[in-house]
Every structure is written in structure tokens, then in C-alpha cells.
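Trainee: Provided below for reference: sequence and predicted model.
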Amino acid sequence: MSARSLVHGRVAGPVFRLDDPLSIWGGFDSSNGRVIDRFHPQHGACLSGAILFMERGRGSSSGASVLAEAIRLGTAPAAIILLEDDAIIATGALVAQMLYSIDCPVAAIGDRTEWLRLSALPRIDIDAGPVAVRIIEAA
Amino acid sequence: MELTETEREMLQGQHGPAAADALGLVVRFAEAVGATRLLPCASAHVDGCLYHGQASLDFVERFEVLGGRVKVPTTLNVGSVDLIHPELFIGDPALGAAGKRLMEAHVELGCTPSFTCAPYQTLLRPRFGEQLAWAESNAIVFANSVIGARTNRYGDFIDLACALAGRVPDYGLHRSANRRAGVTVELAGCADAGPDQAGGIAVAVGLFIGKHCGDTIAAITGLPACTSEDDLKALGAAAASSGSVAMFHAVGLTPEAPDLDTATGGRQVPVAARLGPAEIADILARLGTVPDGAPLTAVALGTPHFSLAEFGRLMPLLDLAPFAVPVYINTGRHEWERLLADGRAAALEAAGVTVVVDTCTYVTSIIRDLSGAVMTNSGKWAYYAPGNLDVDVAFGTLADTMRSARAGRVVRA
């Protein structure tokens, strides 16, 4: 597997796959963890505590601030699994780790088939370490 | 990641704990974008003064506690409040106080209290070829395109981290090979337009490339001969609003595009579009949400911040006073000081114009009456304000906005 760890951490949780990329700034409410972009197909969904599958990042770099704030408030996804690298999402999670010592691991899978296979699992356990990313189906 | 000896020492804390933490963040960011080394940067422009929650403040205060100082000249983007005219803020006082604290905390780190989205106008003009760590979408486009300095689209946290470390990751637009045009946009029938029309043409072309060219750099040909630096500023701001544009080439006008061949690096590139006056008019018509003749409640100018040259173009139009609706103009505090010194501030006040500094009327609560439409000559303001402020908008040239301010409704020459 060609997965890369962008932000380290280990967590398990239920999988939630976004059908379209979401701009975290303007599209996600850090006060309650919900999708607030009216044009997003999953408008209204709550992402708190989920292992979030999102193909790639989207929108303003202020998304990093909103993600860090959500991690602080406990409303953020538990982990974010991207298909492609995204610096804005990685920055938000890195800053929360630095400020609050809360891990929200972020990984980029690189391979679409693998990303789709993982996103179809009900629950997963992700261990994003400095050397490798290990993702397994969780009980 | 290849690090220099100095960078390794900095990471180990030999340049202080703040520099170590900042560089650590820059290195992790660099890894996420696939860079393999860092570059020294000449300046930074930080967009961290808009309050997005406690985390915004915690980040800056952490570096303050660690005794951090920026290592390169660093300007600050707009904040949530006008610190020079605080009475203009009419939003939640708690939010206003947090926003003010955030602005002050950045200054404690050694950032220049510029609070402008256009630091390149009178304050800190980068030089051609310099490597920068700049945030704020219009400033990024301007630095890359109009000046020929080099920055990627940096933003929250990483801009300040680069400033505190004095380093940027070497990727994207820092590298010459990635700065060439991949498409062209050809204008026809616009070359002889006058200065007032040139502003509208620039906005239309900007909106077009943002929407249709994505992050492929466009080389634009056929812009009006009188296209000014302020028009290029408006073009870039509109492009960075409707899409994720970080750079464009205006052939014959911008420094890396003396001719089309240079702009494309000698490659044959596809034509994204050919635009004439009809297409330009159509793009601009779709920008407004109200018809001509609609009543106005305000006119909003200066997004990005008005330059001294733009004030120069505006002053004769003050003869149209009295205005039926308030006219707001955003500018930088350094421009404001010049206006105070040369008497133009008094003339603006006498005409009933409100000059707003340190912030911008589309990101904060300044405009008191939003019950009708607001008219602007800014593609960026027109693009964002309906969503941010829930307001109707009309777009027009500078002269049209002032005629409309007098009439209290949307009128055009």
C-alpha cells in the first residue's frame, strides 16, 4: 500500500465517506461538527468522531483554522483519510496536535481502488506512524 | 527532507523554542506537499488576523509565550476591526475584542501592523524573483503576476510559521518551470477601451480565468492598452475569488510575459477562450443580483484596499456630492496617513465618504444598512458579499458607482 502519513496518530471509529470534497471553511461548522455547505450532497451530516474519507481538500486555507478549532472543541472527525495529499487539512491537524496534544491522524492513500475499498468498511482502525500507515477493519 | 546545518540547529532548538516549533511545522507541511528542501524567504504576509475561533488566538499566543520573533519583514492582512476607527465595528463585542487581541498578538511577534490586503502598494514592495511566504489570495496573485516575486498560496498558520522560521518549502511557484502559462485567453476588440472600462474588463477576465482555468496559469492577450496596475490588481483578486488562481500572465504588461512565447516557455498551449465586448458584458451582468435602476443602500469600494492612484481617480468624482447613500472605501492605514497629510482625507470627509482602514467591508460588520443593494466596482466584493453579508449587489465601473451613489439607485453612463 502506497499510503502516506501526513499527521501521526492512532484511532478507531466508524467510517464516513464524503461524496464530494468539502471546503472546511464555510462548509463545516466547528461548533457542532455538521456539514453546512448547502450545495453539498451530504448537507446536514455530522462528521464528529468519524473516520472521514474525503478524496481531496477544497477551498480557503482558513479551513486549517476551522479544523484546528473543531479538534479543540471535540467536534472534528477522529481521523481524515484522503486520496490525495492536502496541505490545508494537514496543517489544521498538525496545529491542533501542537497546541492541544489531540491527535487527528491524516493519511493520503494515493491509490483510488484501495481508498474506495477502505471507505466501504463499516469501522476501521488507523495507525499513522512516522514510517508507515496501517489501516485495518475494526471490530 | 534535505536540511541545511542552520535548519538542523534551528529544529534542535538552538535558535530558541519558537523557531524550533515553527520550523517543525514548516517541515511537516513541506513533507505533505512533497517538497524535499526549504528556501530562505525574503518576506512574509500573514493572514492570521481574522478570528476563526479560540485556536486562532492559541496558536499566536503560544509563540508569544515562547518568545518568538519573525525572522523576515512580515506584514499583516486585514483583521476583524478597524483599530484606528473602532466605532465603525457594529458586530458582537466579544468577537470584536477577540479579533482585536488577535491583531495585537501578531504585532508582539514583530509583525508590522499593516492590516492591509495590499501590502505591495505603499508598504513592502517585493522585488522581482524574490521567494516569499505570502497569504491572502489577491496579494499572492499580485506578487507572482504583477511583480514577478514567487509564492505559493500560503494561508492560516503556515504563513506565520514560515515568517518565524524564515523559510518556505521549495515547491510549486517557487520553481521557474511551474510558472509558465498552460493556456491562453485571447481578448478581441478591447485594446482601445478607456480607463474606466478597463477596470470592468479586468474584473470580467479575472472571473473568467478563475472559473475556467483552475490552477492552470493563463496568458491573457489583448487587454486594453491603458490597463493600469490597479486593474491588474482587480483582475487577480477576481480570479482568486472565483477560482484557486495563484498567477496569471498579461502579455506585454506583466514582467514574466514580455511576449506570449516567453509566457508559455515556448510551448504550444491551448486557447481556453476568445472573449469580446459581448462576452465581457455578459460576465459582468451575471455578477450583479439586481437590475439597473434598483435602489441602493450603500456603495463599497476598495476591495482589495484602494491605492493612492485609485484615490487620485476618485477625487474628481467627489464633485458629484451630495451622495444619496453612504460611500465606504477600504484602504490601508499607510495610505490613510498619506491622505491625512495631503488634505484628501478632509475632502473625502466633507463629501460624506467613510474611509475604513485595517479591515474590509465584506468580512466584518461595518455597513449599517444592508436592506437594499450595495454597488461596487470590485469583482471580489461582488463575488463574496452576497454570501458573507446576505446582501444584494450591483457591479459597475468606478464612475458608475459614484453616479449611482448620487442617484441612490443603479445608473450607468
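Mentor: Structure received. Numbering: from 1, shown residues only, chains lettered A, B, ... in the order given.
Trainee: Residues of the stretch 151-300 of chain B that sit close to chain A?
Mentor: Residues of the stretch 151-300 of chain B lying close to chain A by Cβ under 8 Å from any Cβ of the partner chain are B:153-158. (Each C-beta comes from the backbone N, C-alpha and C, glycine too.)
Trainee: if we go to 10 Å?
Mentor: B:152-159, B:161, B:169, B:171, B:244 (Cβ under 10 Å from any Cβ of the partner chain).
Trainee: Of those, which pair is most distant in space?
Mentor: Using Cβ to Cβ, these span at most 21.2 Å, a distance reached by B:161 and B:244.
Trainee: Among these two, which residue is more densely surrounded?
Mentor: residue B:161 (32 against 15; other Cβ atoms under 10 Å in any protein chain shown).
Trainee: does that one sit in a helix or strand, and which one?
Mentor: Here residue B:161, judged by DSSP states H and E, is contained in helix B:158-165.
Trainee: Pull the distance from that helix to the chain's centre.
Mentor: 19 Å (Cα atoms, centre = their mean, to the nearest Å).
Trainee: Kindly report the same for stretch B:240-255.
Mentor: 12 Å.
Trainee: If you count neighbours, what's buried in that stretch?
Mentor: Within stretch B:240-255, the residues scored as buried using 16 or more other Cβ atoms under 10 Å in any protein chain shown are B:240-243, B:245-254.
Trainee: for residue B:44, phi and psi?
Mentor: Dihedral angles phi and psi of residue B:44 (degrees, to the nearest 10) take the values phi -130, psi 150.
Trainee: what bridges to it?
Mentor: For residue B:44, the beta-bridge partners are residue B:74, residue B:133 (DSSP bridges).
Trainee: Go ahead and report the secondary structure state at the residue in the stretch 101-250 of chain B that chain A sits nearest to.
Mentor: Of all residues in the stretch 101-250 of chain B, the one sitting closest to chain A is residue B:155 (2.1 Å; Cβ to the nearest Cβ). Secondary structure, DSSP: H, G, I helix; E, B strand; the rest coil: residue B:155 is coil.
Trainee: Show me the shaky parts of chain A.
Mentor: A:1 (pLDDT under 70).
Trainee: Show me the helices in the stretch 301-413 of chain B, by range?
Mentor: For the stretch 301-413 of chain B, helices defined by DSSP state H, counting those that start in this stretch occupy the ranges B:308-314, B:333-342, B:344-350, B:379-389, B:398-407.
Trainee: What helices and strands are in contact with the longest one?
Mentor: Think helix B:379-389. helix B:195-212, helix B:229-242, helix B:277-287, strand B:296-306, strand B:373-376, strand B:392-395 (3 or more Cβ pairs under 10 Å, 6 or more residues apart in numbering or on different chains; DSSP states H and E).
Trainee: out of these, deepest packed?
Mentor: strand B:373-376 (a mean of 28; mean count of other Cβ atoms under 10 Å in any protein chain shown).
Trainee: Can you name the residue of the stretch 251-400 of chain B nearest to chain A?
Mentor: residue B:387 (7.8 Å).
Trainee: doesn't residue A:26 make contact with that residue?
Mentor: Yes. The pair residue B:387 and residue A:26 qualifies as a contact (Cβ atoms under 10 Å) at a distance of 7.8 Å.
Trainee: between those two, who's got more neighbours?
Mentor: The neighbour count for residue B:387 versus residue A:26, taken as other Cβ under 10 Å, is higher for residue A:26 (16 against 10).
Trainee: Quick check: the gap between that one and residue B:33.
Mentor: 23 Å (Cβ to Cβ, to the nearest Å).
Trainee: And the residue nearest the centre of chain A?
Mentor: residue A:80 (1.8 Å; Cα atoms, centre = their mean).
Trainee: check contacts around it.
Mentor: By Cβ atoms under 10 Å, 6 or more residues apart in numbering or on different chains, residue A:80 lies in contact with A:6-7, A:18, A:24, A:47, A:50-54, A:57, A:67, A:86, A:89-90, A:92-93, A:104-108, A:126.
Trainee: Summarise which helices and strands the host helix or strand of residue B:142 is packed against.
Mentor: Using DSSP H and E, residue B:142 sits in helix B:137-142. Applying 3+ Cβ pairs under 10 Å, 6+ apart, we find helix B:137-142 packed against strand B:132-134, helix B:195-212, helix B:229-242, strand B:296-306.
Trainee: And the residue of chain A closest to chain B?
Mentor: residue A:61 (2.1 Å).
Trainee: Contacts only, for the closest residue in space to that residue that isn't next to it in sequence.
Mentor: Distances taken as Cβ to Cβ, 6 or more residues apart in numbering or on different chains put residue B:155 closest to residue A:61, at 2.1 Å, once the chain neighbours are dropped. Counting by Cβ under 10 Å, 6+ apart, residue B:155 makes contact with A:25, A:60-65, A:87-88, A:91, B:46-48, B:134-137, B:140.
Trainee: Give the ChimeraX command for selecting the buried subset of those residues.
Mentor: Those of these that count as buried under 16+ other Cβ under 10 Å are selected in ChimeraX with:
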select /A:25,60,61,62,63,64,65,87,88,91 /B:46,47,48,134,135,136,137,140
